[in-house]
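K.L.:
need a structure here:
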Amino acid sequence: MFTLNTHADYRRPLDPADANTLGIDAATNVEAHLKHREHNRETPLVSLPALAAESGVAAIHVKDEGQRLGLGSFKALGGAYAVIRLVLERATEELGRVVEMGELQSPEVRKISGSMTVACATDGNHGRSVAQGAQLVGAKAAIFVHSGVSDERVAAIARFGAEMIRVAGSYDDSVKEAARVADERGWTIVSDTSWPGYERIPGLVMQGYTALVREALRQMPEPPTHVFIQSGVGGIAAAVAGHLAIVLDERRPVFTVVDPARAACLFETARAGHPVTVPHGESTVMAMLECYEPSLVAWRILSRTADAFMTVDEEDAISVMRRLANPIGKDLAVVAGESGGVGLAGFLKAVADPKMKAALSIGPDSLIFVVNTEGATDPALYREVVGRSPEDVMSWSAQ
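P.N.:
Sure thing, here's the model as predicted:
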């Protein structure tokens, strides 16, 4: 499925609050924050010239977030950043002076953070980031996971000392339960989705994602002409689209949002022109994108910055995992989880369809940018799909 954006706000300036959240000054502050994080380094931008030639475009660049801050996902940039910002704000308020990043481990700030509990719902990656952020500052974390989250992903979150709470139903059910319990117990919800009256903290989460866009623009020889970004509730897509629109203005690329066909809440929202909750059906292998209701903030941004919305099927996600693990020509291998390569899967589907290709103006001079949003965050599933371990894939690629 494919639709061009015909929403009334199409390609209009961002709402002032969103422009402030995703602007250049905010992104600069995120990068300054990252300098204080252990294991911080720019993630690689992988060029795939052989795949580009096969696809009939000038270049394909993959920003590989599978190595981000030891968590294996772009979400390492969001949840932890929001937690740290919230602790600094609480400390500033209680101490009556501005508290900086360098003071996070001071006894007086640790005393304040130790009294805080942060909570969120997650499919896996966001919860890991929130739990890691809480551990870094000495706060408590309560992470709500729905019935579809694998035990391996739960264990990966729990290792940061978080309290794990299972919720029957879907991701959206876990979001509602986390909000309910947090309200009862005075916890702070650090969600990557938003709803009426709850927008600022999801905005901080999205603000953290701007770091990967800044890095990619520095790493690419020239800005992209086309961007394909996968979407769950819409946070990563909105952060990338919004920041690119601010930085590149009239030179901004053609931007396509890619949804799983089985959880196409952004696609259906774009088609309707207003937020839509899609019915729950059969689960998708794209577990990190299995969301049935969009973030209101993300939609507000995407309604003004996204040119097109499309869906990919289960076999598209599986195929791109294998394709990245077994590249053609001299292209490097990329370890992508089942949701990680969905943006690239969208591009490959679009370029193979003459109508979609023409609608997006993809041609021999096109410069394609995608984000591998996660590595093998479920190694057992990765081995099942690809037939080799992530370590074997990277070892083979290095030879």
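K.L.:
rest of the way, CA atoms for contacts and neighbours
P.N.:
OK.
K.L.:
Can you tell me which residue is spatially central in this structure?
P.N.:
Ile236 (3.8 Å; Cα atoms, centre = their mean).
K.L.:
For Ala380, see how far away that residue is.
P.N.:
Counting by Cα to Cα, to the nearest Å, the separation of Ile236 from Ala380 is 25 Å.
K.L.:
re the thing from before, quick check, the residue nearest to the centre of the chain in contact with Tyr209.
P.N.:
Yes - applying Cα atoms under 8 Å as the test, Ile236 and Tyr209 come out as touching, 6.7 Å apart.
K.L.:
Worst mean pLDDT across the helices and strands of the chain, which element?
P.N.:
The weakest-scoring helix or strand in the chain, judged by mean pLDDT, DSSP states H and E, is helix 390-398 (a mean of 78).
K.L.:
pLDDT weak spots in the stretch 251-399 of the chain?
P.N.:
Filtered on pLDDT under 70, the stretch 251-399 of the chain yields the residue ranges 396-399.
K.L.:
sorry, back to before: for the residue nearest to the centre of the chain, pull up the helix or strand it's in.
P.N.:
Following DSSP states H and E, one finds Ile236 within helix 235-248.
K.L.:
List the buried residues in that helix.
P.N.:
By 16 or more other Cα atoms under 10 Å, the buried positions in helix 235-248 come out as Gly235, Ile236, Ala237, Ala238, Ala239, Val240, Ala241, Gly242, His243, Leu244, Ala245, Ile246.
K.L.:
Ala245 - nearest residue in space that isn't next to it in sequence?
P.N.:
The spatially closest residue to Ala245, leaving aside those adjacent along the chain, is Arg252, at 5.5 Å (Cα to Cα, 6 or more residues apart in numbering).
K.L.:
How about the contacts made by Glu268?
P.N.:
If you count contacts by Cα atoms under 8 Å, 6 or more residues apart in numbering, Glu268 has them with Val276, Val278.
K.L.:
Going along the chain, name the strands of this structure.
P.N.:
2-4, 45-47, 59-64, 117-122, 140-146, 163-167, 188-189, 226-230, 254-260, 308-312, 367-372 (DSSP state E).
K.L.:
Relative to Leu34, which of these is closest?
P.N.:
Minimum separation from Leu34 across the strands of the chain (Cα to Cα) falls at strand 59-64, 17.3 Å.
K.L.:
From the contact counts, what lies against the closest one?
P.N.:
For strand 59-64, the elements it packs on are strand 45-47, helix 49-55, strand 367-372, judged by 3 or more Cα pairs under 8 Å, 6 or more residues apart in numbering; DSSP states H and E.
K.L.:
I am finished for the moment; much appreciated.
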